[in-house]
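1. below is the sequence, then the predicted model.
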Number of protein chains: 2
Amino acid sequence: MEGSSYSRRTFLQAAGLGAASVWAPGHVSGYSIDDLRPYLAGERLEIGVSKWDLETPALCVDLDRLERNLSRMETTLQRTGIASRPHTKTHKTPAIAHLQMRHGSIGVCVAKLGEAEVMLDHGVKEVLLTTVNVTPSKVRRAMQLRRWHPNFIQTVDYPDNARDLSTAAEEAGVVADVVVDVSPGARTGIPPGPPALALAQLVDSLPGLRLRGIHAYSGGSQHVVGFSARRAHSLNAMAGAAETRELFQKSGLSTEIFSGGGTGTYNIDHEIPGFTDVQVGSYIFMDCQYLEIGSATNPTLYDDFDSSLTVLATVLNTNFEGRATADAGTKALTLNQPDPYILGSSGITYRARSDEFGAITYGPDASRTFRTGERIELVVSHCDPVVNLYGFMYGIRGERVELIWPIAARGKVV
Amino acid sequence: MEGSSYSRRTFLQAAGLGAASVWAPGHVSGYSIDDLRPYLAGERLEIGVSKWDLETPALCVDLDRLERNLSRMETTLQRTGIASRPHTKTHKTPAIAHLQMRHGSIGVCVAKLGEAEVMLDHGVKEVLLTTVNVTPSKVRRAMQLRRWHPNFIQTVDYPDNARDLSTAAEEAGVVADVVVDVSPGARTGIPPGPPALALAQLVDSLPGLRLRGIHAYSGGSQHVVGFSARRAHSLNAMAGAAETRELFQKSGLSTEIFSGGGTGTYNIDHEIPGFTDVQVGSYIFMDCQYLEIGSATNPTLYDDFDSSLTVLATVLNTNFEGRATADAGTKALTLNQPDPYILGSSGITYRARSDEFGAITYGPDASRTFRTGERIELVVSHCDPVVNLYGFMYGIRGERVELIWPIAARGKVV
């Protein structure tokens, strides 16, 4: 918490925030969303303008909807008795991580070590890295990070890696917290049951490590269409992890953490015995992929949360019959499917299959046409990789820009 | 060219270059690749290390291959008598734009106004913006940019836009250079023939604009498989633009510029009457999409240029039979198809269909297997959007890091 507000502001200016760039905070730390607000709320000309006047493509988040999503998640989890440990790979934005912590989250997850560095540097104090680090340089970097941030937790999924981590932790002069990554599928983690138990016992015996429990993420469950099918998929996929947790308990090993799940299973995973917290990500923004999986009460629309994230685009060309071209292509929307939705219209498709341009096609039942220069608002197909393309997002209240959030961990894939 | 090397270096440090961030140069300008070299070549520890020791995912360019590609393009075009105006949307990297200019290019193209600002700020003096600006704010921004950079050229594709540009140019106190964007397909531009001629005549009559000629990009021709089919496609698609050029000439309008084409048609488009320069992009890097279109002499491999661009990834997990998991997913490689190639192996697929991870699958004829922690090198599917994901690229000579190039226009979609 060192540094006056003056010095923070000077840093932000030096880092080119006003020029809409990303900054890597390096050794600067300790500023929070509250510290950022005064800067963000008055020193850029976009603040206060209508979103319809923004230059595009522009990544926007509706703040009322975002806040509603945060509250809904908090309320539901209070009822089901588990916690949330939101995954910041979705938003890459320290300001949103801080909001999540204020809405009852017990920590955040990160997918990459570089994301961990950004979140910790920005004052997010509880960070679980859900990906293993396997190379000597990353193992060392992770354990040096742990030296400075006592609530940094690292996953491990094979014995040699546990030994390497322990050695690096000892070199850094710390006893580092780890969770065993138990695989509910076949992409990452260690198989459940005896292999996972043996790894946990090894971790427990190593001088540089402290076992905290289990990480088990069933990514394949999250987008299963239909609530009952999704519930069955998740409970089945997580059965091995739940049995592994029992083995840990019988062996006197820590099961303090049993973390996994996501936005698709946030109201399912509390049924897993001993499960402690869900790694929800997309609930804050929503996207076309999640909207289409259906909810517990609505088979055709996942309406537990509101769509808060959009990309504003501008129609560039209407010179050709039956179609138009806009300025958001794959560099603004990614190639994910389904195609983005154009808000406030029907019978019109938007295809972002070219790098620079989006193709608007009017169907026979198109509700309207667009004119050149008109702004359109798109719900994105898959929020995580879209957010990763932008240096900042506009926070919109009603139709006005209220703030601008730097996406500080954007592009941090290393 | 103001500013001592000391002040430039101070700026670079303040902007966080050492922390691998992107910077937006704002009002700083005038430094070139030569100015950057001393900084890049000695002040980061990665310089001189083996690429196999880099943390991953890492974007790498083989400098020998890059230089060979630059020379080959230069030599071929000298023979065919047209020029190159390379498209920097591919590399987003001022250092590479400067290299292209040294290899005989007459200027560069950019897809977005933000890219134009970056290239011009970095001392690239001839910039053609191939996308129209249609909103009042962008029209004004473009014409103010023109005020400071006399060799900035803007496309136009409908009459009202020409009038708006002229008004903004007059406000900026300049007569701005424009080219008419003639459509070879049906996504952007104005239809060839009389509509394009009428627009050119309007441009010629407006006090704030100076007509320089024609822009006509046939994107659909570039990836047609087979040289003769590609040649037929391009010459057919461009016929309307060629006729439009004749109309311009007969009407006494400028045809000084007749620019279009790309890496797929660089050795075809000189056949178009009056064509002046190709907007080649991918030739410097190559990618799986281009490798598969075949060349004039090799029907199965487009071998005119060498693959210079790769993403290094690390194998994270080998706990499961028949597969492995690596650390480069769609945030490192995009969702483009075909799947990336793993260099030095056969019978093995790499699928980057998840945000954070890549799935390695061994076929029955797999030439090898990988161990955890091993680096693999991937040829990317489509170079442009992959480069756009990274803050910098490593320049590799042999197996050593020679330099690090900031991708200064990365993410500049606005």
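-> Arrived safely.
2. can you check the pLDDT for the residue positioned nearest the centre of chain A?
-> Geometric centre of chain A, nearest residue: residue A:90, 2.1 Å, by C-alpha atoms, centre = their mean. Residue A:90 carries a pLDDT value of 98.
3. please enumerate the helices of the stretch 1-150 of chain A.
-> According to DSSP state H, counting those that start in this stretch, the stretch 1-150 of chain A carries its helices in the segments A:5-14, A:33-40, A:63-80, A:94-102, A:113-121, A:136-148.
4. for the fifth one, which residues meet the burial criterion?
-> The one in question is helix A:113-121. Of all the residues in helix A:113-121, those buried under the rule 16 or more other C-beta atoms under 10 Å in any protein chain shown are A:113, A:114, A:115, A:116, A:117, A:118, A:119, A:120, A:121. (Glycine included, C-beta is placed from N, CA and C.)
5. I'd like those as a markdown table, with distance to residue B:281 and pLDDT appended.
-> Output for those, formatted as a markdown table (distance: C-beta to C-beta, whole Å; pLDDT from 0 to 100):
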| residue | distance to residue B:281 | pLDDT |
| --- | --- | --- |
| A:113 | 33 | 97 |
| A:114 | 28 | 95 |
| A:115 | 31 | 97 |
| A:116 | 35 | 97 |
| A:117 | 33 | 95 |
| A:118 | 32 | 95 |
| A:119 | 36 | 97 |
| A:120 | 39 | 96 |
| A:121 | 36 | 93 |
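6. any idea how far residue B:328 is from the nearest residue to the residue nearest to the centre of chain A once chain neighbours are set aside?
-> With sequence-adjacent residues excluded and distances taken as C-beta to C-beta, 6 or more residues apart in numbering or on different chains, residue A:90 is closest to residue A:281, at 3.5 Å. In this view, residue A:281 and residue B:328 are 20 Å apart by C-beta to C-beta, to the nearest Å.
7. compare neighbour counts for those two and give me the winner.
-> Regarding residue A:281 and residue B:328, a neighbour count based on other C-beta atoms under 10 Å in any protein chain shown identifies residue B:328 as having more, with 26 against 23.
8. hang on, that one in a strand?
-> No - Residue B:328: not assigned to a strand; according to DSSP: H, G, I helix; E, B strand; the rest coil it is coil.
9. that one and residue B:351 touch, don't they?
-> No - with contact defined as C-beta atoms under 8 Å, residue B:328 and residue B:351 do not form a contacting pair (10.8 Å).
10. what touches both of those two?
-> Common contact partners of residue B:328 and residue B:351 (C-beta atoms under 8 Å, 6 or more residues apart in numbering or on different chains): residue B:358.
11. may I have the phi/psi pair for the residue nearest to the centre of chain A?
-> Main-chain torsions, residue A:90, degrees, to the nearest 10: phi -70, psi -50.
12. OK, contacts around the residue nearest to residue A:90?
-> With contacts taken as C-beta under 8 Å, 6+ apart, residue A:281 has the following neighbours: A:86, A:87, A:88, A:89, A:90, A:91, A:262, A:263, A:384.
13. the last one belongs to a helix, doesn't it?
-> Yes - the secondary structure assignment for residue A:384 places it in a helix, going by three-state DSSP.
14. just to check, it is in contact with residue A:284?
-> No - checked against C-beta under 8 Å, the pair residue A:384 and residue A:284 is beyond contact range at 11.1 Å.
15. low-confidence ranges in chain A?
-> Within chain A, the set of residues satisfying pLDDT under 70 comprises A:1-44.
16. who's sitting farthest from the centroid in it?
-> When distances are taken from the C-alpha mean of chain A, residue A:321 lies farthest, 40.2 Å away, according to C-alpha atoms, centre = their mean.
17. for it, give its distance to chain B.
-> Per C-beta to the nearest C-beta, to the nearest Å, residue A:321 is found 9 Å from chain B.
18. then residue A:119?
-> With distances defined as C-beta to the nearest C-beta, the gap from residue A:119 to chain B amounts to 15 Å.
19. now swap in residue A:307 and tell me
-> From residue A:307 over to chain B the distance is 19 Å, taken as C-beta to the nearest C-beta.
20. distance of that residue relative to residue A:92?
-> Distance, residue A:307 to residue A:92, by C-beta to C-beta: 19 Å.
21. more crowded one of those two?
-> Set residue A:307 next to residue A:92 and count neighbours by other C-beta under 10 Å: residue A:92 wins out with 29 against 20.
22. determine how far the last residue of stretch A:262-269 lies from the first.
-> Distance between the boundary residues of stretch A:262-269 (C-alpha to C-alpha, to the nearest Å) amounts to 9 Å.
23. how far does it sit from the chain's center?
-> Using C-alpha atoms, centre = their mean, to the nearest Å, the distance from the centre of stretch A:262-269 to the centre of the chain it belongs to is 15 Å.
24. residue A:84 and residue A:105 touch, don't they?
-> Yes - counting by C-beta under 8 Å, residue A:84 touches residue A:105, with 4.7 Å between them.
25. can you pull out the strands in the stretch 101-250 of chain A?
-> Counting by DSSP state E, counting those that start in this stretch, the segments of the stretch 101-250 of chain A that form strands are A:108-110, A:127-129, A:152-156, A:176-181, A:209-216.
26. how far away is residue A:79 from residue A:261?
-> 16 Å.
27. typed the wrong thing, it's residue A:158
-> Spatial separation of residue A:158 from residue A:261 under the definition C-beta to C-beta is 23 Å.
28. so those two - more neighbours on which side?
-> Residue environment comparison for residue A:158 versus residue A:261 gives the larger neighbour count to residue A:261, 29 against 22, counting by other C-beta under 10 Å.
29. residue A:277: which of the contacts of residue A:281 is nearest?
-> Ranked by distance to residue A:277 (C-beta to C-beta), these are led by residue A:86 at 9.5 Å.
30. on that earlier part again, please identify the most buried of the strands of the stretch 101-250 of chain A.
-> Stretch with highest mean neighbour count among the strands of the stretch 101-250 of chain A: strand A:108-110 (a mean of 29; mean count of other C-beta atoms under 10 Å in any protein chain shown).
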